[in-house]
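Colleague: dropping a prediction and its sequence here:
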Amino acid sequence: MDMVERIARVLAGQHFSRNAEGAAPPGTAVAEIVDKQWPGYVDDAVAVLKTMREPDAAMRAVDFAPNGTWERMIQTALGRHA
């Protein structure tokens, strides 16, 4: 499972999970709904990753990888969605 799918599944789960005050009816297996509905959240997942491409000031202040590793990791996660 690639990162885009993982994020899309989390977003779908948040939308439908009753634990997150989501839209699933009581007694519904949310995992089954997520399995069917996550593709509808791919655009949102891509938007999240595109937002993450450039580290914010706090992340840059850590100076963990000044060689662009973060940006390359996010670009790789975006893959064909870039």
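Modeller: All right, it came through fine.

Colleague: confidence-wise, which helix or strand of the chain is lowest on average?
Modeller: Lowest mean confidence among the helices and strands of the chain (mean pLDDT, DSSP states H and E): helix 57-62, at a mean of 77.

Colleague: any idea how far Glu21 is from Gln14?
Modeller: 9 Å (Cβ to Cβ, to the nearest Å). (Glycine included, C-beta is placed from N, CA and C.)

Colleague: show me which of these two is the more surrounded one.
Modeller: Relative neighbour count places Gln14 above the other of Glu21 and Gln14, with 14 against 7, counting by other Cβ atoms under 10 Å.

Colleague: so that one: helix, strand or coil?
Modeller: Of the three states, Gln14 takes helix under DSSP: H, G, I helix; E, B strand; the rest coil.

Colleague: what do you get for Ala23?
Modeller: Following three-state DSSP, the label given to Ala23 is coil.

Colleague: list the contacts of stretch 14-28.
Modeller: With contact meaning Cβ atoms under 8 Å, 6 or more residues apart in numbering, stretch 14-28 is reached by 13, 30, 33-34, 37, 41.

Colleague: in PyMOL, how would I select the buried members of the residues you listed?
Modeller: Selecting the buried subset of the contacts of stretch 14-28 in PyMOL, with 16 or more other Cβ atoms under 10 Å as the burial test, is done by:
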select buried, resi 13+30+33+34+37+41
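
Colleague: which residue in the contacts of stretch 14-28 has the weakest pLDDT?
Modeller: Least confident of these in the model: Val30, at 86.

Colleague: I'd assumed Gly13 was in contact with it.
Modeller: Yes: assessed by Cβ atoms under 8 Å, Val30 is found in contact with Gly13 at 6.5 Å.

Colleague: run through this structure and note the low-pLDDT ranges.
Modeller: For the chain, applying pLDDT under 70 flags the ranges 20, 63-66.
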